[in-house]
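Q: Kindly return the folded structure for what I paste below:
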Amino acid sequence: MASFQRKVVVLTGASEGIGRALALALARQKARLVLAARDASRVAEITVECEALGAEAIPVPTDVTNFDECKFLIEGAEATFGRLDCLVNNAGIGMIARFDEVQDFDAYERLMRVNYLSCVQLTRYALPHLKKTRGLLVAVASLAGLTGVPTRTAYAASKHAVVGFFESLRVELIGTGVGVTIVAPDFVVSEIHKRAIGPDGKPLGKSSMQEGRIMSTERCAQLILDAMQKRQRLAVLSARGRFGRFVRLFAPGLIDRIALRAVREGK
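A: Coordinates of the predicted model:
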């Protein structure tokens with residue numbers, strides 16, 4: 001498998017959860033990292049941790065909903081390191097609410113802007129550089145981007161958009177040498193559950209997940225890194241997810257019930 005040693009990688013959502021764990025995994029391979037997140041102090045902290053592992057790393061406080069900042073992030077990576085080998089679109093937010101209980105419908109637009117449109121803008125600016133290096137685009141989507149998940153209508157819609165965009169782009173990029181890897185994690189221990197928007201548009205403040213029964217961020221990051229090294233088209237990171245993609249072809253109702261039970265039990 002290909003190593004990311006000395007490769008220039010831009011990673012969004014790098015200060016916590018999957019992004020933080022992936023930054024550390026890449027740092028162990030001595031990648032050159034451009035780490036982006038909204039919280040300047042937290043992205044500075046993970047930068048120091050990556051440097052302690054022997055990686056070159058720079059922090060770039062970035063709000064991915066600000067498309068000027070997206071442009072600055074990519075152009076800054078190119079200016080600092082002289083090339084770009086990989087863009088990992090990982091930044092995201094969640095929403096947990098039954099549709100018929102939602103009070104703040106602006107949240108749907110917010111999730112599309114963070115989870116989907118930021119990927120479009122970052123890819124827009126990164127693609128010319130990636131064509132030069134025959135690099136890699138990575139989209140951290142979700143199982144919710146492949147199937148319906150109750151109480152996740154806004155989140156699933158945004159992740160379906162991510163999957164559709166990158167699947168289509170992959171076809172357009174045939175012959176350019178640029179790879180596209182889409183990753184679909186199952187439930188993962190992450191701050192995204194606590195920060196998920198509730199029906200009133202405010203963060204829930206607590207997780208409904210049984211965190212001892214779901215995948216750790218470290219395991220998820222390693223699986224993502226493996227998929228990146230293989231330049232895998234689609235990496236579904238759980239046995240349940242892979243089973244569901246197969247079984248829904250002939251028993252879609254069963255998959256609906258499995259999804260409903262998973263959400264109810266938080267695992």
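
Q: now the helices for the chain?
A: Taking DSSP state H as the criterion, the chain contains helices spanning 17-28, 40-52, 67-81, 106-111, 118-133, 153-172, 192-195, 217-230, 239-247, 252-265.

Q: neighbours of the residue lying closest to residue 170 once chain neighbours are set aside, just the number please.
A: Spatial nearest neighbour of residue 170, chain neighbours left out: residue 180 (4.0 Å); criterion: C-beta to C-beta, 6 or more residues apart in numbering. Heads up, the C-betas are built off the backbone N, CA and C, glycines and all. Neighbourhood size, residue 180 [other C-beta atoms under 10 Å]: 22.

Q: Poorly predicted segments of the stretch 151-267 of the chain, please.
A: Along the stretch 151-267 of the chain, the model assigns pLDDT under 70 to residues 193, 207-212, 267.

Q: related to what we said a few turns ago, among the helices of the chain, which is the most enclosed?
A: Comparing the helices of the chain by mean neighbour count (mean count of other C-beta atoms under 10 Å), helix 17-28 comes out on top with a mean of 24.

Q: helices or strands up against it?
A: strand 8-12, strand 32-37, helix 40-52, helix 217-230 (3 or more C-beta pairs under 8 Å, 6 or more residues apart in numbering; DSSP states H and E).

Q: Turn the ones you listed into TSV, including distance to residue 187.
A: Compiled in TSV, these are given as follows (distance: least, C-beta to C-beta, whole Å):
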stretch	distance to residue 187
strand 8-12	21
strand 32-37	22
helix 40-52	23
helix 217-230	10
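
Q: Export the helices of the chain to JSON lines and append columns for distance to residue 89.
A: Output for the helices of the chain, formatted as JSON lines (distance: least, C-beta to C-beta, whole Å):
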{"stretch": "helix 17-28", "distance to residue 89": "10"}
{"stretch": "helix 40-52", "distance to residue 89": "16"}
{"stretch": "helix 67-81", "distance to residue 89": "10"}
{"stretch": "helix 106-111", "distance to residue 89": "14"}
{"stretch": "helix 118-133", "distance to residue 89": "4"}
{"stretch": "helix 153-172", "distance to residue 89": "8"}
{"stretch": "helix 192-195", "distance to residue 89": "15"}
{"stretch": "helix 217-230", "distance to residue 89": "12"}
{"stretch": "helix 239-247", "distance to residue 89": "19"}
{"stretch": "helix 252-265", "distance to residue 89": "24"}
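
Q: Of those helices, which is nearest residue 90?
A: helix 17-28 (4.6 Å; C-beta to C-beta).

Q: Outside of that closest one itself, which residues are in contact with it?
A: Here helix 17-28 makes contact (C-beta atoms under 8 Å, 6 or more residues apart in numbering) with 4, 9, 11-14, 33, 35, 37, 46, 49-51, 53-55, 57, 88, 90-91, 140, 185, 188, 190-192, 217-218, 220-222, 224-225.

Q: Kindly report the same for stretch 56-72.
A: So stretch 56-72 is contacted by 12, 23, 27, 32-40, 43-44, 46-47, 50-51, 73, 76-77, 80-81, 91, 110, 113-114, 117-118, 121-122, 125 (C-beta under 8 Å, 6+ apart).

Q: same thing with stretch 252-262?
A: In contact with stretch 252-262 (C-beta under 8 Å, 6+ apart) are residues 147-150, 187, 240, 244, 247-248.

Q: my guess is residue 214 meets residue 188, correct?
A: Yes. Between residue 214 and residue 188 there is a contact under C-beta atoms under 8 Å: 6.3 Å.

Q: more crowded one of those two?
A: Between residue 214 and residue 188, residue 188 has the larger neighbour count (other C-beta under 10 Å), namely 23 against 20.

Q: May I have the beta-bridge partners of the more buried one?
A: Assessed by DSSP bridges, residue 188 has beta-bridge partners residue 215.
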